[in-house]
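Participant: next input, structure requested:
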Amino acid sequence: MAAKKQAISVEPRTFLTVTSRQVATFDRVKNQIRQLYEEISTLSKKSPDGAVNKFKLSFINEKLNQANEILGDESKPFSQFTTFDEDSLPTNSDVVMMLSQYLDALETWRSARVHYSEF
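Facilitator: Presented below is the predicted three-dimensional model:
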């Protein structure tokens with residue numbers, strides 16, 4: 001006895017669109033966060049518990065604020081984290097951990113907005 005064929009219902013996929021300006025901002029912010037991650041990772045290997053100075057932290061927080069704007073509340077890596085407190089300087093390893101989480105969240109955000117179609 002032959003098996004019955006079942007129709008497969010495929011719902012249309014909803015694509016999240018972004019403007020060319022949003023793409024440019026995303027690329028710039030992600031690349032800058034990646035560079036900060038690499039630089040602080042190097043420091044963290046030498047001195048994981050060393051404090052990040054206020055000068056560097058101000059730039060890190062600036063990029064985190066921009067990443068938060070891109071990601072929105074629903075895509076941020078941690079709902080209760082926004083930026084580092086500049087009065088209680090974080091350690092190199094703390095910064096590396098958070099920048100790593102942001103790089104992953106940004107890649108997930110990007111992946112949700114990329115699709116391939118044949119014309």
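
Participant: quick one: residues contacting the closest residue to Phe84 other than its chain neighbours.
Facilitator: Of all residues not flanking Phe84 in the chain, Pro90 sits nearest, at 4.8 Å (Cβ to Cβ, 6 or more residues apart in numbering). Any C-beta I mention is one placed from the backbone N, CA and C, and that applies to glycine too. Residues counted as contacts of Pro90 (Cβ atoms under 8 Å, 6 or more residues apart in numbering) are 51-52, 57, 84.

Participant: state the distance from Pro90 to Ser79.
Facilitator: Applying Cβ to Cβ, to the nearest Å, the value for Pro90 to Ser79 is 18 Å.

Participant: same question, Val114
Facilitator: Val114 is 25 Å from Ser79, by Cβ to Cβ.

Participant: grab the longest helix from this protein for me.
Facilitator: helix 20-46 (DSSP state H).

Participant: chain center to that helix, what's the gap?
Facilitator: 9 Å (Cα atoms, centre = their mean, to the nearest Å).

Participant: quick one: list the elements packing against it.
Facilitator: In terms of contacts (3 or more Cβ pairs under 8 Å, 6 or more residues apart in numbering; DSSP states H and E), helix 20-46 is packed against helix 54-75, helix 92-111.

Participant: which parts of that helix are buried?
Facilitator: 26, 29-30, 32-33, 36-37, 39-40, 43-44 (16 or more other Cβ atoms under 10 Å).

Participant: angle of it against helix 92-111?
Facilitator: Orientation check (axes from the mean of the first three to the mean of the last three Cα atoms, to 10 degrees): helix 20-46 against helix 92-111 gives 150 degrees.

Participant: quick check: angle from helix 20-46 to helix 54-75?
Facilitator: Using the same axes, to 10 degrees: helix 20-46 against helix 54-75 is 130 degrees.

Participant: buried stuff in stretch 58-67?
Facilitator: 60-61, 63-64, 66-67.

Participant: which residue, other than its chain neighbours, is closest to Ile60?
Facilitator: Using Cβ to Cβ, 6+ apart, the closest residue to Ile60 is Leu36 (5.7 Å).

Participant: again but with Ala112, I slipped
Facilitator: Closest to Ala112 by Cβ to Cβ, 6+ apart is Leu16, at 5.7 Å.
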